[in-house]
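1. Model the following, please.
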Amino acid sequence: MTRGELIRAALAFESAIEAYPFGDDLLTVKVGGKVFAWIPLSDSGWLGTGCRMAVKAPTDVVLELRASYPDAVHAARPLSERHWVAVHLGGAVPDDEVRELLAASYDAVVATLPMRRRPGSRRP
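-> Alright, predicted model coming up:
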């Protein structure tokens, strides 16, 4: 999966928006004001080198991913190591699994939003 494909996939979620609160080289993809994906736009720096992303996942999924793909998945420092994982793309992690991780991160963040800020909700 290329960086462009990843960005298109992330922005395809309902109410997903792009933001650059940390500068032009770090795309944050948000829903309801909360980040569900971090996508560095440079090939080196935060989260390592190459095409990569950080997504939110349940602790057990984070541990399973790190065990299954030790060279492609690692802690997304400085984010919480229990809930965020950095995934290198175009290598060991299949594209379908990358898409599933992105969807799971989106769903996890949406679940924490107040009802009025969730996609598709109506304001009273």
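
2. what comes into contact with the lengthiest helix in the chain?
-> Counting residues, the longest helix found in the chain (DSSP state H) is helix 95-112. By Cβ atoms under 8 Å, 6 or more residues apart in numbering, the residues outside helix 95-112 that reach it are 1, 5-6, 9-10, 13, 16, 31-32, 34-37, 53, 55-58, 61, 65, 85, 87, 89, 118-119. Quick note: C-beta positions are derived from backbone N, CA and C, even for glycine.

3. Give me the distance from that helix to the chain's centre.
-> Remark: helix 95-112 is offset 7 Å from the chain centroid, using Cα atoms, centre = their mean, to the nearest Å.

4. Report the backbone C-alpha coordinates of it in PDB.
-> Output in PDB follows, covering the C-alpha atoms of helix 95-112 (Å, rounded to 0.1, in the frame of the first residue of the first chain):
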ATOM      1  CA  ASP A  95      -2.700  -4.400   2.800                       C
ATOM      2  CA  ASP A  96      -6.000  -6.000   3.800                       C
ATOM      3  CA  GLU A  97      -4.800  -6.100   7.400                       C
ATOM      4  CA  VAL A  98      -3.700  -2.500   7.200                       C
ATOM      5  CA  ARG A  99      -7.200  -1.500   6.100                       C
ATOM      6  CA  GLU A 100      -8.700  -3.600   8.900                       C
ATOM      7  CA  LEU A 101      -6.400  -1.800  11.500                       C
ATOM      8  CA  LEU A 102      -7.400   1.600  10.100                       C
ATOM      9  CA  ALA A 103     -11.100   0.600  10.400                       C
ATOM     10  CA  ALA A 104     -10.700  -0.700  13.900                       C
ATOM     11  CA  SER A 105      -8.900   2.500  14.900                       C
ATOM     12  CA  TYR A 106     -11.700   4.600  13.500                       C
ATOM     13  CA  ASP A 107     -14.400   2.400  15.200                       C
ATOM     14  CA  ALA A 108     -12.500   2.600  18.500                       C
ATOM     15  CA  VAL A 109     -12.300   6.400  18.400                       C
ATOM     16  CA  VAL A 110     -16.000   6.800  17.300                       C
ATOM     17  CA  ALA A 111     -17.100   4.600  20.200                       C
ATOM     18  CA  THR A 112     -15.500   7.100  22.700                       C
END
